[in-house]
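Peer 1: sequence and predicted structure, then a few things I'm wondering about:
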Amino acid sequence: MKKNLNENIRDINKENKAKEQSKIDISDVIIGLLIGVFLYFGYYMLMTRQFEKDPFKWPYILISIYFALSTLLYAYAHNRVSAWVENSKFIDLLFIPQTSILIAYIFAPIIFIIELF
């Protein structure tokens, strides 16, 4: 059935509020970069100490580049993952905030590409 005008206005208001909440502040970007650098440092230490591999040699440079992109896109991806977790009760059952940080970091380039299209 067709929605009346008031319902359409309410839907538009909800969408506008969601867009305002999804905007990223400069403080979010700075904190995101700090967390991303910390996670990248963890990746670097894991590769050099645990696996004894140089992350800047041929096959591992691809993973290093991917995680460097993840570091740059982390603030955006974490904002999106947080919105998905808040809006979905099913996802809320699967993820706790600590795992959403890692999920956002690992899949940041993929989330960014999905949101572009």
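Peer 2: Received, thanks. It should be emphasised that the depicted structure is a prediction, and the values quoted were computed from it without experimental measurement.
Peer 1: buried ones in the one helix or strand residue 78 maps to, by neighbour count?
Peer 2: If you go by DSSP states H and E, residue 78 is part of helix 58-87. Buried residues in helix 58-87, counting neighbours by 16 or more other CB atoms under 10 Å, are found at 64, 67, 70-82, 84-85. To be clear about C-beta, it is placed using only N, CA and C from the backbone, and glycine gets the same treatment.
Peer 1: show me where the chain has helices.
Peer 2: Secondary structure of the chain (DSSP state H): helices located at 5-22, 26-45, 58-87, 89-94, 97-106, 108-116.
Peer 1: contacts only, for the spatially closest residue to residue 44 that is not a sequence neighbour.
Peer 2: In space, and not counting its chain neighbours, residue 44 is closest to residue 55: 5.9 Å by CB to CB, 6 or more residues apart in numbering. Residue 55 makes contact with 43-44, 47-48, 61, 63-64, according to CB atoms under 8 Å, 6 or more residues apart in numbering.
Peer 1: nearest residue to the residue positioned nearest the centre of the chain in space, please, no chain neighbours.
Peer 2: With distances taken as CA atoms, centre = their mean, residue 77 lies nearest the centre of the chain, 2.0 Å away. Excluding its sequence neighbours, the residue lying closest to residue 77 (CB to CB, 6+ apart) is residue 108, at 3.7 Å.
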